[in-house]
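Q: Could you look at this predicted model? Sequence included:
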Amino acid sequence: MSTSLGHLGYIIGLLEYGVTDIWWLRIWAVCGCSMVVLFQVLQPRCQFLSAGWCFVYVIVNLFQLHWVSLSVPEPRLSEEEEKLFKLLGDTVTLREFADLAGFGEWETFGPGERLSEEGKVVEPEKAKLYFIAEGQCQVFSGGRLVAKLSPGSFVGEVGYLLHEGLHSPSATVTAASPGVRCLAIPLHEAQGSIEIRMLGPSSPDVSRSIARFECC
Ligand SMILES: Nc1ncnc2c1ncn2[C@@H]1O[C@@H]2COP(=O)(O)O[C@H]2[C@H]1O
């Protein structure tokens, strides 16, 4: 048992060479060194030099983990961003949202203005994902009203999830109330920062897209 602990401790030490994130490096170091300390303590003749130094490494890394977590400031959101963040619930963390918001710009649409137009090809550099923060929108497919969108909904996630080069929106989305406020994220800039879980299956179309996306 104690021999396995010793081996595991050193194997973890070896694996640390493959870790690039300092946070994870410290966590692995704490685990590996703790095991070596335990291994030594369980020996009939403990090697205090090895156990002592490994213990020091554990303490230094625990201190750094604590210090790093305290020194990374919480991202600050504007009032409008704060409101949208709350609407998105637990699909996104504060840090993820702040990063995403950094890519975006706020846009306002008046009644009847289009956020997307069914079948109208959008070049990848111009494709945007809209997070609705205020107001109502209507979704038309084949000229028929198929859904109403309220704050917390998205527009453009189907195109994003399908990862098409040239996207042709699956529906026309228009503002249905004055002053529809949206955070517009240019997809080519934010590509790696948007995860599927953030988009949540908000409509049957979207659920289908997510299913298609995940099985590919
Ligand atoms: N049935 C629906 N319910 C809610 N939103 C939809 C529906 N169909 C399409 N949309 C939205 O309208 C958008 C049009 O562009 P996308 O196809 O990229 O992404 C689509 C969704 O965001």
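A: Sure thing, it's come through. Numbering: from 1, shown residues only.
Q: how about the residues of this protein near the ligand?
A: By the rule CB under 6 Å from any ligand atom, the part of the chain lying against the ligand is 116, 139, 146-147, 154-159, 169-171, 173, 203, 205. Just so you know, the C-beta spots here come from the backbone N, C-alpha and C atoms, and that holds for glycine as well.
Q: Just the buried ones out of the residues you listed, please.
A: 116, 139, 147, 154-159, 169-171, 173, 203, 205 (16 or more other CB atoms under 10 Å).
Q: now the chain, which segments are flagged as low pLDDT?
A: 163-165, 196-197, 200-216 (pLDDT under 70).
Q: Buried residues, the helix of greatest length in the chain. List them.
A: What stands out as the longest helix in the chain, according to DSSP state H, is helix 48-71. For helix 48-71, the neighbour count (16+ other CB under 10 Å) marks 51, 54-55, 57-58, 61, 64-65 as buried.
Q: Tell me the helices and strands packed up against that helix.
A: helix 22-41 (3 or more CB pairs under 8 Å, 6 or more residues apart in numbering; DSSP states H and E).
Q: The helix it packs on vs helix 48-71, what angle?
A: 150 degrees (axes from the mean of the first three to the mean of the last three CA atoms, to 10 degrees).
Q: Now do the helices in this structure.
A: Going by DSSP H, the chain shows helices at 2-15, 22-41, 48-71, 79-88, 94-103, 157-162, 187-190, 196-199, 204-215.
Q: So for Ile132, which of those sits nearest?
A: Nearest to Ile132 among the helices of the chain is helix 79-88 (8.5 Å), distances taken as CB to CB.
Q: Give me the distance from the closest one to the chain's centre.
A: Centre-to-centre, helix 79-88 and its host chain are 16 Å apart (CA atoms, centre = their mean, to the nearest Å).
Q: Ok, stretch 148-166 next?
A: 16 Å.
Q: Stretch 81-98 now?
A: A distance of 10 Å separates the centroid of the chain from that of stretch 81-98, by CA atoms, centre = their mean.
Q: same question, stretch 170-185
A: 23 Å.
Q: mind listing what's buried in it?
A: Quick answer for stretch 170-185 (16+ other CB under 10 Å): 170-176, 180-185.
Q: Reformat the residues you listed as a markdown table; add distance to Glu74.
A: A markdown table is the format used below for the buried residues of stretch 170-185 (distance: CB to CB, whole Å):
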| residue | distance to Glu74 |
| --- | --- |
| Ser170 | 37 |
| Ala171 | 37 |
| Thr172 | 39 |
| Val173 | 33 |
| Thr174 | 37 |
| Ala175 | 33 |
| Ala176 | 35 |
| Val180 | 29 |
| Arg181 | 24 |
| Cys182 | 25 |
| Leu183 | 19 |
| Ala184 | 25 |
| Ile185 | 21 |
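Q: Which ones among these map onto strands?
A: 172-175, 180-185 (DSSP state E).
Q: Quick check: the gap between Glu195 and Pro151.
A: Going from Glu195 to Pro151 by CB to CB, to the nearest Å gives 21 Å.
Q: These two: who's more crowded?
A: Between Glu195 and Pro151, Pro151 has the larger neighbour count (other CB atoms under 10 Å), namely 19 against 11.
Q: In contact with the more buried one, which residues?
A: If you count contacts by CB atoms under 8 Å, 6 or more residues apart in numbering, Pro151 has them with 84, 87, 132-135.
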